[in-house]
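[1] this one's structure only:
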């Protein structure tokens, strides 16, 4: 597999994987005649062992030696659970502690895999974070810090997700919508299922979404919003996008009535389940 595929499988950024390869020779890729590095399931196993050793409290150099040496394999502690890792992530983000939060994300993705980490860990945490912000239990700064750090991590896992030969999905949030995390999670899950992702991100006017769809001719165009207003403001333009190809609406702002009015289909489940359905 290419490094982007390995990154998505183990939940560690390509930059960190390259650093571990360069510093500790943790990874042993083969080179194709054209010079590409190809990584194996054994490389993925060593990365997971590295994460387990780091979680056990080893320094990176010690962890790499433990993974590569002849001694016993380092396994994750038996007490490590999804709840404990998410709790650690929440505490780190509440304290504005980036390195600690990144380490928790390493354990979350590396220990449980992308689909499970998203569906059972990260997405419920983000739902709870949004509810706490709406209820005034956390401040705007806390919500912004957590969201931006997680967004950056998901985007790092998205590197190269438009490569390959699979069908193309065009993903965007409508004009006025800034919340992209659910859409990013959906794109990552869809990529694992063989799709290529053309990602437009937040605040995309529907007419420009239609222009992009005309150029890429995607097998599916997905528009997501957490509020109904961005959809309502652009129903006419979105209906024209739906006339040109398969349009899906998603997020808490989408509804069966909206989908019916504009000729779209509704994705009304969590992002990972929605990727399975698509």
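    Yep, that arrived. Predicted model only: the values in this text are computed from it and were never measured.

[2] which residues of the stretch 51-200 of the chain score low on pLDDT?
    70-80 (pLDDT under 70).

[3] what do you get if the cut-off is 80, keeping everything else the same?
    By pLDDT under 80, the weakly predicted segments of the stretch 51-200 of the chain are 54-59, 69-80, 110-111, 113.

[4] for the longest strand along the chain, which positions count as buried?
    Longest strand in the chain, counting residues (DSSP state E): strand 196-204. Going by neighbour count (16 or more other Cβ atoms under 10 Å), the buried part of strand 196-204 is 196-200, 202, 204. (Glycine included, C-beta is placed from N, CA and C.)

[5] how about the longest helix anywhere in the chain: buried residues?
    Criterion DSSP state H: the longest helix present in the chain is helix 140-157. By neighbour count on 16+ other Cβ under 10 Å, the buried set for helix 140-157 is 142-143, 145-147, 149-151, 153-155, 157.

[6] could you give the separation of that helix from the chain centroid?
    11 Å (Cα atoms, centre = their mean, to the nearest Å).

[7] how about stretch 127-145?
    Averaging C-alpha positions (Cα atoms, centre = their mean) puts stretch 127-145 20 Å from its chain's average.

[8] need the contact partners of that stretch.
    Residues from elsewhere that reach stretch 127-145, judged by Cβ atoms under 8 Å, 6 or more residues apart in numbering: 93-94, 96, 146-147, 226.

[9] can you list these in CSV and add distance to residue 278?
    Listed next are the contacts of stretch 127-145 as CSV, based on distance: Cβ to Cβ, whole Å:
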residue, distance to residue 278
93, 30
94, 34
96, 36
146, 28
147, 25
226, 20
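
[10] how about residue 278: what's its closest non-neighbour residue?
    With Cβ to Cβ, 6 or more residues apart in numbering as the criterion, residue 278 has its nearest non-adjacent residue at 6.1 Å, and that residue is residue 220.

[11] which ones are touching the one you found?
    Taking Cβ under 8 Å, 6+ apart, one finds 167, 169-170, 245-248, 278 in contact with residue 220.

[12] partners of it in the sheet?
    Following DSSP bridges, residue 220 is listed with bridge partners residue 169.

[13] mind picking the two most distant members of the contacts of stretch 127-145?
    Within the contacts of stretch 127-145, 96 and 226 form the most distant pair, 23.9 Å apart (Cβ to Cβ).

[14] which of the two has more neighbours?
    residue 226 (18 against 13; other Cβ atoms under 10 Å).

[15] helix, strand, or coil at the more buried one?
    Secondary structure, DSSP: H, G, I helix; E, B strand; the rest coil: residue 226 is coil.

[16] residues contacting it?
    Counting by Cβ under 8 Å, 6+ apart, residue 226 has contacts 130, 177, 179, 182, 251-253.

[17] out of those, which are buried?
    Buried among those (16+ other Cβ under 10 Å): 130, 177, 179, 182, 251, 253.

[18] closest one to residue 111 out of the residues you listed, please.
    residue 182 (22.5 Å).

[19] give me the element the closest one is part of.
    helix 181-192 (DSSP states H and E).

[20] how far out from the middle of the chain is that helix?
    5 Å.

[21] leaving out sequence neighbours, find the closest residue to residue 166.
    Closest residue in space to residue 166, ignoring its immediate chain neighbours: residue 194 at 4.3 Å, by Cβ to Cβ, 6+ apart.

[22] doesn't the one you found fall inside a strand?
    No - using three-state DSSP, the assignment for residue 194 is coil, not a strand.

[23] against residue 267, how distant is it?
    For residue 194, the distance to residue 267 (Cβ to Cβ, to the nearest Å) stands at 18 Å.

[24] more neighbours, those two?
    residue 267 (23 against 10).
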